[in-house]
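Quick check, what structure comes out for this input:
(one chain, ligands or ions: 1)
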Amino acid sequence: MAQHPEDHFKNVIAHAKEYGYIFPSSEIYDGLSAVYDYGQNGAELKKNIRDYWWKAMVQLNENIVGIDAAIFMHPTTWKASGHVDAFNDPLIDNKDSKKRYRADVLVEDYVAKIEGKIEKEVEKAAKRFGESFDKEQFLTTNARVIEYKERGEAILKRLGKSLGNNDLADVKALIEELEIADPDTGSRNWTEVKQFNLMFGTKIGSTAESAMDLYLRPETAQGIFVNFLNVQKSGRMKIPFGIAQTGKAFRNEIVARQFIFRMREFEQMEMQFFIKPGTQKEWYEHWKETRLKWHHSLGLGVENYRFHDHEKLAHYADAACDIEFKFPFGFKELEGIHSRTDFDLGSHEKFSGRKLQYFDPETQESYVPYVLETSIGLDRMFLAVFSNSLQEETLEDGSSRTVLRLPAILAPVKVAVFPLVKKDGLPEVAKKIIDDLKFDFNVVYDEKDAVGRRYRRQDAAGTPFCITVDHQTLEDQTVTIRHRDSMQQERLPIDELRAKIAAAVDLKTWLK
Ligand code: ATP
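Okay, here's the model as predicted:
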């Protein structure tokens with residue numbers, strides 16, 4: 001059943017709460033803006049996504065190792081990285097509504113609306129032309145579509161240029177020229193555009209005199225850069241090699257209204273790949289392709305991903321793009337792939353006075369390596385998986401069911417085991433099955449309500465398999481196993497259950 005995207009997003013948020021995935025932080029005190037807690041199922045799903053990333057990036061790559069650096073870092077780190085001076089977002093306030101916005105996002109949303117018009121034209125044309133419709137041809141030849149496309153590109157180009165030159169007056173001028181209004185109230189009474197630093201400050205030390213100003217890290221990458229030589233030497237790593245890490249990052253985001261898409265405390269999964277200067281173009285292409293494949297492996301639909309090249313390159317990059325995902329509110333950044341040159345290591349050399357170079361045993365030369373970064377938000381990935389999986393289906397008999405079609409490899413609970421009834425020794429058999437399976441899989445037991453209702457409960461929670469123990473089990477040691485997605489049931493001997501479930505959550509099959 002197709003739902004309006006806004007309704008779908010509301011359902012996602014409500015469902016995440018109802019089924020123990022995500023709760024607002026400190027909810028009994030009315031919550032904390034843009035901060036969320038993961039519940040019993042959410043913590044498992046998040047861990048499974050993290051593991052899926054870690055295994056693909058670290059375990060399956062001989063030349064990539066993982067670390068776990070501290071959140072606190074010496075404050076000079078953030079001078080060297082450029083965050084103290086340049087980690088800003090342009091903000092703008094509406095004088096009437098007193099609401100605050102990111103100026104760049106207002107413009108980007110305007111362009112997204114133009115893109116929406118293109119999609120509408122495509123839909124209309126597809127209907128008109130039927131089978132013979134050639135989308136590629138239509139996109140490149142239809143005059144109206146071309147005009148929309150050029151208009152969007154021109155706007156983004158100008159935005160990129162003015163942000164790059166820190167020409168905030170022009171960003172404001174652009175907002176005025178496009179007649180962009182406050183999305184909430186329609187007012188066009190805007191303040192000037194200002195820069196706002198996103199880092200959270202805190203202090204370390206017990207007395208006022210000895211306390212030192214610190215920042216909560218706004219990205220995990222710097223923990224990798226400052227450990228580059230430690231890892232390279234202790235691991236005898238040869239270029240090209242990578243260092244990966246997952247962990248919390250903190251950003252005082254100006255606007256945070258999209259659930260876990262934009263949080264003030266979030267988790268990143270980053271990998272810095274150290275390479276020889278001059279080889280960055282090849283590695284950039286390599287990692288773009290590799291990361292997209294990883295996303296596709298989860299089966300959320302290849303049409304839901306696209307690359308978006310950056311117009312405005314960050315201070316450290318010579319090429320950068322995002323992998324965007326079709327969230328309930330449209331295509332948005334899920335992961336960034338950045339060619340960071342020798343900016344970070346070079347800058348840490350300057351600020352620390354230490355050499356951060358690699359000695360190439362073949363050429364007998366030392367150099368500061370270049371870096372390719374892949375950086376993905378774990379929470380954003382969670383939202384991508386969760387929002388894509390939540391579906392409202394109409395069944396053949398006309399009834400509807402809510403099903404959370406999580407990829408089995410990521411599902412928090414793999415199996416639910418039910419006794420058909422609460423007597424005749426069936427619960428005992430069910431519990432025995434659980435005791436046997438629980439070493440390999442996350443398993444739950446449920447004996448409440450009719451079996452049909454128990455199935456629906458597990459469908460909505462995302463559990464891929466339900467096993468029912470009935471009276472026949474007592475005679476022949478077989479059970480029914482029911483599949484979440486197809487709702488098909490089959491009868492299997494108890495001792496074949498492990499292999500059946502293991503095959504569905506076999507990492508090799510998923511990642512190959
Ligand atoms: P955006 O443009 O959306 O603010 P960004 O370009 O600043 O993101 P990066 O600095 O490239 O993001 O961070 C890498 C990844 O970290 C992003 O692709 C995203 O998945 C995740 N991320 C960044 N900021 C947040 C946030 N506030 N909440 C959740 N995830 C985030």
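
Just the buried positions in stretch 257-267, please.
Gln258, Phe259, Ile260, Phe261, Arg262, Met263, Arg264, Glu265, Phe266, Glu267 (16 or more other Cβ atoms under 10 Å). Placement of C-beta: from N, CA and C, glycine included.

which ones are touching the fifth one?
Each residue near Arg262 by Cβ atoms under 8 Å, 6 or more residues apart in numbering is listed here: Ala34, Glu253, Val255, Ala256.

Backbone dihedrals for it, please?
In terms of degrees, to the nearest 10, the main-chain angles of Arg262 are phi -130, psi 100.

For it, give its distance to the ligand.
To the ligand, Arg262 is 4 Å away according to Cβ to the nearest ligand atom, to the nearest Å.

quick one: least confident of the buried residues of stretch 257-267?
Lowest in pLDDT among the buried residues of stretch 257-267 is Gln258, which has 91.

ok, now which ones touch that residue?
Contacts for Gln258 were tallied using Cβ under 8 Å, 6+ apart; they are Phe329.

Specify the local secondary structure of the closest residue to Ile155 other than its chain neighbours.
Nearest residue to Ile155, sequence neighbours excluded (Cβ to Cβ, 6 or more residues apart in numbering): Val111, at 5.5 Å. In three-state terms, and counting by DSSP: H, G, I helix; E, B strand; the rest coil, Val111 is helix.

now swap in Ile254 and tell me
Secondary structure state of Ile254, per three-state DSSP, is coil.

neighbours of the residue of the chain found nearest the ligand, just the number please.
Closest residue of the chain to the ligand, Cβ to the nearest ligand atom: Gly377 (2.6 Å). The number of residues packed around Gly377, counting by other Cβ atoms under 10 Å, is 23.

ok, now which ones touch it?
Listed by Cβ under 8 Å, 6+ apart, the contact set of Gly377 reads Phe266, Glu267, Gln268, Met269, Leu334, Glu335.

again, 6 Å this time
By Cβ atoms under 6 Å, 6 or more residues apart in numbering, the contact set of Gly377 is Phe266, Gln268.

domain assignment for this structure?
Taking automatic domain parsing as the reference, the chain has its domains at 42-71+218-387, 88-197, 401-511.

any chance you could map the helices in the stretch 1-150 of the chain?
Listed in chain order, the helices found in the stretch 1-150 of the chain under DSSP state H, counting those that start in this stretch are 5-18, 40-54, 76-80, 83-86, 103-129, 135-141, 143-164.

I'd like to know how far Phe274 sits from Asn63.
Distance, Phe274 to Asn63, by Cβ to Cβ, to the nearest Å: 10 Å.

Specify which residue of the two has the higher count of neighbours.
The neighbour comparison of Phe274 against Asn63 (other Cβ under 10 Å) goes to Phe274, with 26 against 13.

shaky segments in this structure?
1-2 (pLDDT under 70).

Centre-most residue in it?
Met381 (2.3 Å; Cα atoms, centre = their mean).

for the ligand, what are the nearby residues on the protein?
Residues of the chain lying near the ligand by Cβ under 6 Å from any ligand atom: 219, 251, 253, 262-263, 266, 268, 333-336, 375-377, 379-380.

Tell me, how many residues neighbour Thr478?
When neighbours are counted by other Cβ under 10 Å, Thr478 registers 17.

how much space between it and Leu492?
6 Å.

Go ahead and confirm Asp446 touches Arg453.
No: proximity of Asp446 to Arg453 does not meet the contact threshold set by Cβ atoms under 6 Å, at 9.6 Å.

Please identify which of those two sits among more neighbours.
Between Asp446 and Arg453, counting by other Cβ under 10 Å, Asp446 is the more crowded of the two (18 against 11).

Contact partners for the more buried one?
Ala416, Phe418, Arg454.

Restricted to strands, list those.
Those of those mapping onto strands are Ala416, Phe418, per DSSP state E.

If you rank the contacts of Asp446 by neighbours, which is first?
Going by other Cβ under 10 Å, Phe418 tops the contacts of Asp446 with 26 neighbours.

Tell me what it is bridged to.
Thr468 (DSSP bridges).

Who does Asp37 form a beta bridge with?
Partner residues in beta bridges with Asp37, using DSSP bridges, are Phe23.
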